[in-house]
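Colleague: return atomic coordinates for the entry below.
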Amino acid sequence: MSAVQSCPQKDVRVFVDGTEIPTLFVESHMRKEGSLDLSKVTEVEFPSRWAGENISGVISATEEGGISQPVTVEYRLNEATNGGWVIAHHGYVRAVGSAGEGRRMKLSVGDYSDFLGKIPASTTFKNPTPSNVLSYIAETFNEHVGITSIRTGSVASSTRGIKDDESVNPLNPLDMGTYVVEEYLSKLSDDHKPYGTKTFKANKHTLADVANWLAREDGGYIWFGSDGTQPVLTYNSEPRRQKYRDTMVGGEGTTVRVRENNALYDIKPITELTVYGSSKSSLFGTGLIGADNPSNQFPAITVRHPTLYQRTGGSSLSPPIIQKKSATIEATTQVAKKELKTRLNGASGGMMIVSGSPGMRPYDTIRAVPVCGEADTDVPPLTYEVERVKHVCDSEQKYLSEIDVSVHADPSTFEIVMSEMKEV
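Modeller: Coordinates of the predicted model:
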């Protein structure tokens, strides 16, 4: 399809089984929700015929229980990067059909994580390492869907963050991050704690259950990335996290132009919360840590996000009190930090529109000020965490990225306002 390849102005390109197809509209969604810690789906509209060629004949839908054709979706980096490309989605043909308008066709590109909740898991782990668990997932996945290119890998971090997808043609000249899969899980440190014995049964569990168990026990993150040619089941103790900043804001991070930002006004987060644990007497006999010595005292912990607290003028905004089963100061402190981060990340209503940023993913951070017409430079910038991303590229409009955000919450920066044992 030489006519497609010769177009120098395009901002997106889609390859189906290695063949580039012409596109009329492309929209890629990336979310924290799903079977793994990151899920993707892309909708592509394309002409059924182009330059005398039958484009729809190149594509075949997913076969029952298997993957028929791989798809790679690439977006062009902004002009400051000399026109390089980034793989935003390496998936498979999930569905194809009419778009309802003349000869316009629609292609749905799925994420490989779609299959995890459909594949039964039947195994017993005894003190496994992350490598053991991820290898089992990859091997079982390959057996069921008829694809042998799924690999397991860990990401290589850098001072600029972690990226799960490769930059192509050329490597990113702005050093936006280290691109992945430079190590295999077998090279991970043996310091990872063993997880005891865990059994999964085919009539009750799927590979999604196995993946979620590993992430929960080890506190890590699992997602499907790409090494540029094939999908890679990737695991790391932290999500790949890239720093971005508005062009009008100083500091570190890759610059993007924030065209619209209502996040600072829409997000009304709590600034702190309190967790009450349980008395050891109420937990006696449960086998939980700290419950072996009965006591009528319970731990009480209050944690605070210091930056938000300052921005609200020292207001706690009616901090909620949450009941948990932790019985020690240490355990309750960890529970409180995790709970505050979860609630801040779950804040809704914050949205930005930025210049096309194909490398942007959930878990990234962006530092910006409100933008409504012209920037209000009197308002100090705030760091947000990306919850969802939608890359939109229309043949008749400029490529933009729409992102849902929450207030960025780093538990290591939380202040412990109260830490004591209280009488029941």
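
Colleague: go through stretch 196-213 and flag the buried ones.
Modeller: 198, 200, 205-213 (16 or more other CB atoms under 10 Å). C-beta: built from backbone N, CA, C; applies to glycine.

Colleague: tabulate those residues (TSV), appending distance to Arg49.
Modeller: Shown next, in TSV, are those (distance: CB to CB, whole Å):
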residue	distance to Arg49
Lys198	53
Phe200	48
His205	46
Thr206	41
Leu207	40
Ala208	40
Asp209	45
Val210	45
Ala211	42
Asn212	44
Trp213	49
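
Colleague: surely Gly110 touches Val41?
Modeller: Yes - Gly110 is in contact with Val41 according to CB atoms under 8 Å; the separation is 6.4 Å.

Colleague: which residues of this structure fall in helices?
Modeller: Listed in chain order, the helices of the chain (DSSP state H) span residues 2-5, 130-145, 207-218, 263-266, 280-283, 306-311, 329-345.

Colleague: nearest to Val354, out of the ones you listed?
Modeller: The closest of these to Val354 is helix 263-266. By CB to CB, the value is 11.4 Å.

Colleague: what mean pLDDT does that closest one have?
Modeller: Helix 263-266 shows a mean pLDDT of 60 in the predicted model.

Colleague: same question for stretch 364-380.
Modeller: 68.

Colleague: what does stretch 227-236 give?
Modeller: pLDDT averaged over stretch 227-236 gives 74.

Colleague: domain-wise, how is the protein divided?
Modeller: 2-111, 115-236, 241-424 (automatic domain parsing).

Colleague: what's the weakest-modelled helix or strand in this structure?
Modeller: None of the helices or strands of the chain scores lower by mean pLDDT, DSSP states H and E than strand 167-168, at a mean of 30.

Colleague: please report the distance of Val14 from Phe46.
Modeller: According to CB to CB, to the nearest Å, Val14 stands 8 Å off from Phe46.

Colleague: can you list residues touching both of the two?
Modeller: Common contacts of Val14 and Phe46 (CB atoms under 8 Å, 6 or more residues apart in numbering): 21, 23, 107.

Colleague: please pick the buried ones from the residues you listed.
Modeller: Buried, going by 16+ other CB under 10 Å: 21, 23, 107, out of the shared contacts of Val14 and Phe46.

Colleague: that older thread, how about the shared contacts of Val14 and Phe46 in JSON lines, adding distance to Thr72 and pLDDT?
Modeller: Listed next are those as JSON lines, based on distance: CB to CB, whole Å; pLDDT from 0 to 100:
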{"residue": "Ile21", "distance to Thr72": "11", "pLDDT": "91"}
{"residue": "Thr23", "distance to Thr72": "13", "pLDDT": "91"}
{"residue": "Leu107", "distance to Thr72": "13", "pLDDT": "92"}
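
Colleague: out of those residues, who's nearest Gln242?
Modeller: Thr23 (25.6 Å).

Colleague: quick check: the closest one touching Thr42?
Modeller: No - using CB under 8 Å, Thr23 is not in contact with Thr42; the gap is 10.5 Å.

Colleague: anything in contact with each of the two?
Modeller: With CB under 8 Å, 6+ apart, Thr23 and Thr42 have no common neighbours.

Colleague: and Ile301, bridged to which residues?
Modeller: Beta-bridge pairing of Ile301 under DSSP bridges involves Val275, Ser419.

Colleague: can you count the residues close to it?
Modeller: Number of residues near Ile301 (other CB atoms under 10 Å) recorded here: 27.

Colleague: you'd agree it is up against Thr274?
Modeller: Yes - Ile301 lies in contact with Thr274 (CB under 8 Å); the separation is 6.8 Å.

Colleague: tell me, how many residues neighbour Val249?
Modeller: 20.

Colleague: what's the closest non-adjacent residue to it?
Modeller: Among residues not flanking Val249 along the chain, Pro381 sits closest, at 4.7 Å (CB to CB, 6 or more residues apart in numbering).

Colleague: what's the spacing between that neighbour and Thr307?
Modeller: For Pro381, the distance to Thr307 - CB to CB - is 11 Å.

Colleague: if we can go back for a sec, okay, Val14 and Phe46: which has more neighbours?
Modeller: Taking other CB under 10 Å, Val14 and Phe46 do not tie; Phe46 has more neighbours (25 against 22).

Colleague: bridging residues for that one?
Modeller: Residues in beta-bridge contact with Phe46 (DSSP bridges): Met105.

Colleague: for Thr342, grab the count of nearby residues.
Modeller: Count around Thr342 with other CB under 10 Å applied: 10.

Colleague: correction: Glu217
Modeller: 17.

Colleague: pLDDT wise, what is it at?
Modeller: 71.

Colleague: test my guess that the residue nearest to Val249 contacts Arg367.
Modeller: Yes - between Pro381 and Arg367 there is a contact at 5.1 Å, judged by CB under 8 Å.

Colleague: quick check: neighbours shared by the two?
Modeller: Joint contacts of Pro381 and Arg367 (CB under 8 Å, 6+ apart) are 245-246, 249.

Colleague: kindly indicate which of these lies nearest Asn262.
Modeller: Using CB to CB, the shared contacts of Pro381 and Arg367 come closest to Asn262 at Asp246, 14.0 Å.

Colleague: tell me the bridge partners for that closest one.
Modeller: With DSSP bridges as the rule, Asp246 is bridged to Val256.
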